[in-house]
Each structure stands twice: as structure tokens, then as C-alpha cells.
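Peer 1: mind folding the following:
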Amino acid sequence: MTQPTGTTNLTGHMLIAMPGMGDPRFEHSVVFMCDHSDEGAMGLIINKPSEEIDMPTLLSQLSIDMVADLSGHQAHFGGPVEMGRGFVLHSPDYASAVTTLEVTDELHMTATLDVLEDLGAGTGPDKWLMMLGYAGWGAGQLEQEITQNGWLVCDGAPELVFDVKDTDKWQAALETLGVSALALSAMGGTA
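Peer 2: Take a look at the predicted model:
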């Protein structure tokens, strides 16, 4: 896949952090892009599970009953913006009674409390990731970071989101482009 330039809409794609990005919050990050327009962009980091908050703890803190077994499911660090706000990236078999954003045919996002209630009740989506916070960019900011070799862009495959271990997602995303992590340099250039 070639790198998008200019005003290409990256909604539904993934950003892969390049080595040497300079921001430790995004080191080795894979970001699923939920929205991208001339006004800015919003995405969710899909490969950084929280070390402190698992789903049973989160639901307990929110006083949500949990009958489903969510042990082993961690909340993820979705990005540094509004870290107290939750987002669930999920399969299309679920739609919130309030609002669900259909990002692609295969990946939807819900940011309302009812999806957490449904997950706790065992009636939520089949495949999902819960993120706290999001990554956001102002108008033109993301395009500039891509031009400065901060990010590579790949297709937003649901298999990469849900079926690959968090620790392997960065390398797996690179492999979709035919790129080896060993071949990457922290120094970028232009031709």
C-alpha cells in the first residue's frame, strides 16, 4: 500500500508509529483511525493494554453489574486525550441503543455507557477492545506528522485489531506493508 498524501481520508485505516517518533506515549503504537476530516482526526491505540485497569475492576468502579466472565480482559490506553472517557471498538454484531459509529463495515465504535452494561451482562459485541482516552489531531496536524515520517499507514483489518496479541500488533501491522521492523530507521527522508 502506498502512503497517503494530501487530503486522503484515513478513517478506517491504521497508523503505525515509526521508530524515533519522540513521544513515548506513542512508541510502537498502532492506532485505528475512527474519524479523519479537514477539521482533524481521532483514533484509538489498539496495542497498549492498561497495566492497572482490567474490565472487572472498571465495571466495578462504574457500579455496573457483571454476570459475564470478563476476567483476562484489560482496558487499553486509547490515547492521551480525555483519558477518563471510554471507547469500545467492536465487531458489527452489536449496535448501541444510544449511538454506535460505523467506522467501517467490519469495525464499529461505541462510546456510551450502555455498551459496558451490555458487556457486563454478556449481551455486548462478540469481538471488542475497550480503550480509555483517545488520540486526537488538529486540522492538518496528522498529515504533517505523516509527511515528517512519524507514521506509516496500513489498512484497518479487524483480524489485526481482535485476533493478534497486543505485543505482536505493531510488527503484524508492519508486515501488512511488507516491512520488517529491523529495516526501519529512526531517521526519515524524502525523495
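
Peer 1: just the helices in the chain please.
Peer 2: For the chain, applying DSSP state H gives helices covering 55-61, 113-121, 141-147, 158-162, 169-176.

Peer 1: what does the second one contact?
Peer 2: The list of residues contacting helix 113-121 from outside it, by CB atoms under 8 Å, 6 or more residues apart in numbering, reads 55, 58-59, 62, 64-68, 70, 86, 88, 90, 94, 96-98, 100, 124-125, 128, 130. All C-beta spots, glycine's among them, are computed from the backbone N, C-alpha and C.

Peer 1: tell me which of those residues fall in strands.
Peer 2: 86, 88, 90, 128, 130 (DSSP state E).

Peer 1: that older thread, save the helices of the chain as CSV, and put in mean pLDDT too.
Peer 2: CSV is the format used below for the helices of the chain (pLDDT from 0 to 100):
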stretch, mean pLDDT
helix 55-61, 93
helix 113-121, 93
helix 141-147, 91
helix 158-162, 95
helix 169-176, 94
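
Peer 1: follow-up on the earlier one: mind checking which of the contacts of helix 113-121 are buried?
Peer 2: Among those, those buried by neighbour count (16 or more other CB atoms under 10 Å) are 55, 58-59, 64, 66, 68, 70, 86, 88, 90, 94, 96, 100, 124-125, 128, 130.

Peer 1: so who does the residue nearest in space to the middle of the chain touch?
Peer 2: Centroid check for the chain by CA atoms, centre = their mean gives Leu44 as the closest residue, at 2.9 Å. Listed by CB under 8 Å, 6+ apart, the contact set of Leu44 reads 31-32, 34, 76, 78-79, 87, 89, 109, 129, 131, 134-135.
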